[in-house]
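Visitor: Let me see the structure of the following:
(one chain, ligands or ions: 2)
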Amino acid sequence: MEAQVEAEAAGLMETGLLRSYDLYKYLLETSVYPLEADSLKELRALTSTHPMSIMGTNPDSGQLMTLLLKLINARRTIEIGVFTGYSLLATALAIPEDGKITAIDPDRSSYEIGLPVIKKAGVEHKIDFIQSEALPVLEKLLEDHDNHGAFDFAFVDADKHNYVNYHEKLLGLVKPGGIVIYDNTLWGGTVVMAESSVPAPLMRFWKPVTELNKYLAADTRIQICQIPVGDGMTICRLL
Ligand SMILES: C[S@@+](CC[C@H](N)C(=O)[O-])C[C@H]1O[C@@H](n2cnc3c(N)ncnc32)[C@H](O)[C@@H]1O
Ligand SMILES: O=c1cc(-c2ccc(O)cc2)oc2c(O)c(O)ccc12
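Guide: Residues are numbered from 1 along each chain as shown. Ligands and ions are numbered 1, 2, ... in the order given. Below you'll find the predicted structure:
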């Protein structure tokens, strides 16, 4: 029974949030895979055998990130939650040669799986990987006044119970007009479920995600749009 619940939960996370898997497949095959950089395809293939491959950013989410990064001409960015580096590589490919990403994750071993692909793509020089929990790094960055409003973009895809804490720090680091994206804000579709119906494997972040959604919607310092791409992404534009 437990295995069945886990399989259902995995299903919720894997098929995207569209009406059918065929529709998601159509979207990927028509508009995403044909345009995805070879290095991103390679990194996705490399990650697919990882026991936690489900954590990797979906290619459609990566494509949206690329579009937004290009739209705002992002140069300095923050990435919280690197894993094997799909969203990191998508960001590195989208920003200019002299752009810089501060990428934070306590797990360096997963980053090292993707690193050869990042090096081969010729974008490693844009990445400052910091092996750490994100909160102390953000606090340290804020101690230097030069970092206030110095970043154009941030992507948050890590421990969901800290998203509100990250939000408060990122509001000091990202400039007005800059963008912060929170991933997994629909958390496998469970945000509409009663607590008692949430599959056990998704229970861990159900409360923090539903609370984050209310927090962001009530925050007058940002303009938001929550979209059903990937596992749900909330795009925040700083006012
Ligand atoms: C969903 S994965 C990130 C996926 C990644 N964005 C990608 O495109 O593949 C979540 C990552 O958050 C990291 N993480 C967990 N707690 C963290 C924390 N306190 N600060 C920063 N990263 C954290 C995990 O080690 C894991 O690599
Ligand atoms: O299944 C997961 C798990 C996570 C996760 C677990 C523990 C952490 O400290 C951070 C993240 O994140 C996920 C994720 O971002 C995703 O898109 C799908 C699945 C999972």
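
Visitor: Quick check: Tyr163 touching Asp157?
Guide: No. In this structure Tyr163 lies outside contact range of Asp157 using Cβ atoms under 8 Å: 9.8 Å. C-beta here means a position set from N, CA and C on the backbone, and glycine is covered the same way.

Visitor: Leu170 and Val156 touch, don't they?
Guide: Yes. Under the criterion of Cβ under 8 Å, Leu170 makes contact with Val156 at 7.5 Å.

Visitor: overlap in contacts of the two?
Guide: Residues within reach of Leu170 and of Val156 at once, by Cβ atoms under 8 Å, 6 or more residues apart in numbering, are Val180.

Visitor: Just list what the lengthiest helix in the chain packs against, helices and strands only.
Guide: Using DSSP state H, we find that the single longest helix of the chain is helix 200-217. Contacts of helix 200-217 with other secondary structure elements, assessed using 3 or more Cβ pairs under 8 Å, 6 or more residues apart in numbering; DSSP states H and E, are made with helix 2-14, helix 163-173, strand 222-227, strand 233-238.

Visitor: how much space between the residue of the chain found nearest ligand 2 and Asn165?
Guide: Shortest the chain-to-ligand 2 distance, computed as Cβ to the nearest ligand atom: residue-wise this is Asp159, at 3.9 Å. Noted for Asp159: a distance of 10 Å to Asn165, by Cβ to Cβ, to the nearest Å.

Visitor: Of the two, which one has the most company?
Guide: Residue environment comparison for Asp159 versus Asn165 gives the larger neighbour count to Asp159, 18 against 14, counting by other Cβ atoms under 10 Å.

Visitor: low-scoring stretches of this structure, by residue?
Guide: Low-confidence regions of the chain, defined here as pLDDT under 70, cover residues 1-16.

Visitor: tell me which parts of it are close to ligand 1?
Guide: 55-57, 80-84, 86-87, 104-107, 110, 133-134, 157-159, 162 (Cβ under 6 Å from any ligand atom).

Visitor: Sort out which of these are buried, if you could.
Guide: For these, a burial check counting by 16 or more other Cβ atoms under 10 Å picks out 55-57, 80-84, 86-87, 104-105, 110, 134, 157-159, 162.

Visitor: Quick one: residues contacting the residue of the chain closest to ligand 2.
Guide: With contacts defined as Cβ under 8 Å, 6+ apart, the neighbours of Asp159 are Gly81.

Visitor: re the thing from before, what about the residues of the chain next to ligand 1, which are in strands?
Guide: Among the residues of the chain next to ligand 1, DSSP state E puts 80, 104 in strands.
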